[in-house]
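# from the sequence below, what's the structure:
(2 chains)
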Amino acid sequence: MKIYVPCDAAALAMGADAVARAVESQIAARGLDAVVVRNGSRGMFWLEPLVEVETGKGRVAYGPVSVEAVGGLFDAGFVDGKPHPLCLGLTEEIPYLKRQERLTFVRCGVVDPLSLADYIGHGGYRGLERALKLTRETIVEEVATSGLRGRGGAGFPTGIKWRTVLNTAADQKYIVCNADEGDSGTYADRMIMEGDPFVLIEGMTIAGLAVDATMGYIYVRSEYPHSFRTLQRAIQLAREKGYLGANVADSGKSFDLDVRLGAGAYICGEETSLLESLEGKRGQIRYKPPLPAIEGLFGKPTVVNNVISLATVPIILDKGAEHYRDFGMGKSRGTLTIQLAGNIKYGGLVEKAFGLTLREAIYDFGGGTASGRPLRAVQVGGPLGAYFPESLLDTPLDYEAFTAKRGLLGHGGIVVFDDTVDLAKQARFAMEFCAIESCGKCTPCRIGSTRGVEVIDRIIANQDRTKNLEVLDDLCELLLDGSLCALGGLTPYPVLSAVQHFPEDFSKPAPSPSQTIGIQKARLQEANPWH
Amino acid sequence: MTTIQAWDADRALVRIRELEHLPGALLPILHALQDEFGYVDKAAVPLVAGALNLSHAEVHGVMTFYHDFRHALPGRHVLKLCRAEACQSMACDKTIQHVENRLGIRLGQTTDDESFTVEPVYCLGLCALSPAAMLDGKPYGRVSPQVADFLIDSARRRQ
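Numbers count the residues shown, from 1 in each chain, chains lettered A, B, ... in the order given. Okay, the predicted model is just below:
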């Protein structure tokens, strides 16, 4: 009999390791024939640690389980799925999960992330098996037909990227996985890496076959040490079983992987900056062209894709492009992994076909704010995404629909704020963050962000407010038009949307001297000693 | 944090030799040195530069570009507090201010008794459990001022 206690970092953050130890000691003390399996997370974080037991009817969930509750669960007979106040019934029947369309996340939270047998038993490596029977061109066409677009934020069609690399002749090509998931409010990449790492490995292997690349790198941010360790072990296991190396699955074809750790630079989520970092340099962005698909890592043609994009490739190859394309709306095909975050009652991962509205995601899944206070603002798409007011909540979660509202769908993270939020402060933070994380290559971003902080400080302090709002508008236009990459180029989104939708926060009386700017400025410098 | 060794050029060279063959070896080497010594000593610059055939300036430039690489030994415990948007929406400011007041330091500083270094971090990917923190590499969610006190107290008891 199996008892599942997640090892996902978010479950660990709520005490899952201690719960697993308590379950193990109860098993030993009671002489039960049971093993503890450390699975990934199902993505219902308000229920973590979510403990599941295998029964004849399916897996039964209990949560959130504290160490203190473990003894009582055993007393109540939870190993047989018996009732208990923490019992949530069959996991698959929990409405939050049941209403989802899990394609990329179909195994996440279900399997032991480091069991290759479990992976294969749940449909793993069927995509690779089919890909090995196809020509390179056919694999690329399949991905193009599926309509898969880069899930990292830009939404660029994955098939077109692959085709460019395939058609560029070179002695060496690379597959690079961008696992530098730095946007606040996002954790889908982390969940896959910790909950189903083999699907990423399989996706990268298929990408390698498709474009004739024999080496791949996964660049994981250092804030994700658990993902890094899980991937290292998964790669080792795949290599031992012949799924990586000189003869992938006895096909005679070669593909290997290495995982590299970032070093706390948000800008390295920008693809050219990431490539510089992988090469051992400062993470400064490159001019484009040349595109990474033509001259990427070490000057060679390189596919750079996000974790979710690559982890979606196996199911496309397995079930066929049409199966995937039939989900979604307009030009946004397939599923979106929505991540509900911040001040939200039921925060978690929701994988649904494109088309759900922001309101449905926040209320039907998320249950509104965690604080119980009225919702006032929502930031979608990370620190570079726009702040939306209540009146825009009926916007569908779709790349084009968000662009039309001067927003950004990005990586699908939704951060909810209640009515205590001060949008002038949030706008200031957007500029501050850009100043901290700017790579320094282009002037609008490097200097404009610091000037932006100063201008917003003057607006907050009510110094020539009207004039300074004009200066801010002008500065934002410069950043939008003149920056080399999305960091400087999109920082105006949160700033201008805050001004546009929440003008009242920029016309409040100036704060008292104790809250003034000098202190905040000192904070910025101290928090960021190298800049 | 307990297995950290005092700076030793010979040990550093051993770690450098283990990794210098990797393509793009500089970041892996700097991480290995920081894992070993708790920070990257200035004296490592010429060693790394020599091994990778880079200039001192190039190595220094990389070391100082990334927020992770420390130039001095941190406190015995490193507490990272997230101050990104999702955590802001759940009042991380209050937790941060509380920790700063309690330890008498600002983010980015180390206490005089060298017991704690407190650093800002921009997202730990625990955004549904905000405010989030990481203490000595372990993640924590829902870190209210009370939880922060508990974390600090239990770390102090460990050492």
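
# just give me the neighbour total for residue A:287.
10 (other CB atoms under 10 Å in any protein chain shown). From N, CA and C alone the C-beta is placed, and that goes for glycine too.

# in three-state terms, label residue A:60 for me.
Here residue A:60 is strand, with the state taken from DSSP: H, G, I helix; E, B strand; the rest coil.

# quick check: beta-bridge partners of it?
Per DSSP bridges, the residues bridged to residue A:60 are residue A:53, residue A:90.

# thought it was touching residue A:90?
Yes. With contact defined as CB atoms under 8 Å, residue A:60 and residue A:90 form a contacting pair (6.0 Å).

# between these two, who's got more neighbours?
In terms of neighbours (other CB under 10 Å), residue A:60 is the more surrounded of residue A:60 and residue A:90; the figures are 23 against 16.

# report back the residue of chain B that's furthest from centre.
residue B:53 (27.3 Å; CA atoms, centre = their mean).

# how far away is it from residue A:71?
Residue B:53 sits 61 Å away from residue A:71, going by CB to CB, to the nearest Å.

# would you map the strands across chain B?
B:77-82, B:109-110, B:116-121, B:133-135, B:138-140 (DSSP state E).

# can you put these in a markdown table and add mean pLDDT?
Below are these laid out as a markdown table (pLDDT from 0 to 100):
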| stretch | mean pLDDT |
| --- | --- |
| strand B:77-82 | 98 |
| strand B:109-110 | 97 |
| strand B:116-121 | 98 |
| strand B:133-135 | 98 |
| strand B:138-140 | 98 |
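
# give me the pLDDT for the residue nearest in space to the middle of chain B.
When CA atoms, centre = their mean is applied to chain B, the residue found nearest the centroid is residue B:68 (5.8 Å). On the pLDDT scale, residue B:68 is placed at 96.

# do you know how far it is from residue B:13?
Separation of residue B:68 from residue B:13 (CB to CB) stands at 22 Å.

# and what of residue A:209?
Counting by CB to CB, the gap from residue A:209 to residue B:13 is 40 Å.

# residues touching the residue of chain B found nearest chain A, list them.
Ranked by CB to the nearest CB, the top residue of chain B for proximity to chain A is residue B:128, at 2.8 Å. Residue B:128 makes contacts with A:10, A:45-46, A:187, A:339-341, A:344, A:347-348, B:86, as judged by CB atoms under 8 Å, 6 or more residues apart in numbering or on different chains.

# pretty sure residue A:420 contacts residue A:373?
Yes. Between residue A:420 and residue A:373 a contact is recorded at 6.7 Å, counting by CB under 8 Å.

# what strand or helix carries residue A:88?
strand A:87-90 (DSSP states H and E).

# and the contacts of that strand?
Strand A:87-90 has contacts (CB under 8 Å, 6+ apart) with A:47, A:50, A:57-63, A:78, A:81, A:94.

# how many residues are close by residue 54?
No chain was given, so I picked chain A. Residues lying near residue A:54 (other CB under 10 Å) number 16.

# the intended chain is chain B.
The burial count assigned to residue B:54 is 18, neighbours taken as other CB under 10 Å.

# returning to what we had before: buried residues in the strand holding residue A:88?
Neighbour-count burial for strand A:87-90 flags A:87-88, A:90 (criterion: 16 or more other CB atoms under 10 Å in any protein chain shown).

# quick revisit: now tabulate the contacts of strand A:87-90 in JSON lines and tack on pLDDT.
Shown next, in JSON lines, are the contacts of strand A:87-90 (pLDDT from 0 to 100):
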{"residue": "A:47", "pLDDT": "98"}
{"residue": "A:50", "pLDDT": "98"}
{"residue": "A:57", "pLDDT": "95"}
{"residue": "A:58", "pLDDT": "97"}
{"residue": "A:59", "pLDDT": "98"}
{"residue": "A:60", "pLDDT": "98"}
{"residue": "A:61", "pLDDT": "98"}
{"residue": "A:62", "pLDDT": "98"}
{"residue": "A:63", "pLDDT": "95"}
{"residue": "A:78", "pLDDT": "95"}
{"residue": "A:81", "pLDDT": "96"}
{"residue": "A:94", "pLDDT": "98"}
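
# hey, where'd the strands end up in the stretch 251-400 of chain A?
A:256-261, A:302-306, A:328-329, A:332-333, A:335-342, A:349-353, A:375-380, A:387-389 (DSSP state E, counting those that start in this stretch).

# out of those, nearest to chain B?
strand A:335-342 (3.5 Å).

# check whether the closest one comes near chain B.
Yes. Contact of strand A:335-342 with chain B (CB under 8 Å from any CB of the partner chain) involves A:339-342.

# what about these, which one has the most neighbours?
residue A:341 leads the residues of strand A:335-342 next to chain B on contacts (other CB under 10 Å) with 34 neighbours.

# by proximity to chain B, which residue of chain A wins?
Closest residue of chain A to chain B, CB to the nearest CB: residue A:347 (2.8 Å).

# for that residue, give its distance to residue A:250.
For residue A:347 relative to residue A:250 (CB to CB), the value is 44 Å.

# out of these two, which sits in the more crowded spot?
Counted by other CB under 10 Å, residue A:347 and residue A:250 do not tie: residue A:347 has more neighbours, with 32 against 8.

# isn't the more buried one up against residue A:341?
Yes. Counting by CB under 8 Å, residue A:347 touches residue A:341, with 5.7 Å between them.

# quick one: the helices in chain B?
B:9-19, B:26-37, B:44-52, B:56-65, B:85-88, B:92-103, B:145-158 (DSSP state H).

# overlap in contacts of residue A:347 and residue A:341?
B:127-128.

# now do the contacts for residue B:20.
B:29, B:51-52.

# also near chain A: which of those, exactly?
Residues shared between the contacts of residue B:20 and the neighbourhood of chain A are residue B:52 [CB under 8 Å from any CB].

# write out the residues of the stretch 351-500 of chain A neighbouring chain B.
By CB under 8 Å from any CB, the residues of the stretch 351-500 of chain A that approach chain B are A:370, A:379, A:382-383, A:413, A:415-418, A:421, A:426, A:429, A:433, A:436-437, A:439.

# neighbour-wise, which of these leads?
Result: residue A:379 is most packed of those (other CB under 10 Å), 35 neighbours.

# is it in a bridge, and if so with what?
Residue A:379 has these beta-bridge partners by DSSP bridges: residue A:387, residue A:415.

# that one against residue A:494, yeah?
Yes. Counting by CB under 8 Å, residue A:379 does reach residue A:494; the two are 6.6 Å apart.

# so what sits against both of the two?
Both residue A:379 and residue A:494 are in contact with A:385-387, A:426, where contact means CB under 8 Å, 6+ apart.

# would CSV of those residues with distance to residue B:25 and pLDDT be doable?
Below are the shared contacts of residue A:379 and residue A:494 laid out as CSV (distance: CB to CB, whole Å; pLDDT from 0 to 100):
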residue, distance to residue B:25, pLDDT
A:385, 36, 96
A:386, 40, 97
A:387, 42, 98
A:426, 40, 98
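
# what's the nearest residue to residue A:69 if we skip its chain neighbours?
residue A:86 (6.3 Å; CB to CB, 6 or more residues apart in numbering or on different chains).

# oh, that last question was meant for residue A:418, not what I typed.
Spatial nearest neighbour of residue A:418, chain neighbours left out: residue A:373 (4.0 Å); criterion: CB to CB, 6+ apart.

# number of nearby residues for the one you found?
Neighbour count of residue A:373, defined by other CB under 10 Å: 14.

# got the contact list for residue B:83?
Shown in contact with residue B:83 (CB under 8 Å, 6+ apart): A:527, B:92-93, B:96, B:107, B:120-122.

# picking that back up, could you dump the strands of chain B to TSV with mean neighbour count and distance to residue A:105?
Output for these, formatted as TSV (neighbours: other CB atoms under 10 Å in any protein chain shown; distance: least, CB to CB, whole Å):
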stretch	mean neighbour count	distance to residue A:105
strand B:77-82	23	24
strand B:109-110	18	40
strand B:116-121	22	26
strand B:133-135	23	25
strand B:138-140	21	20
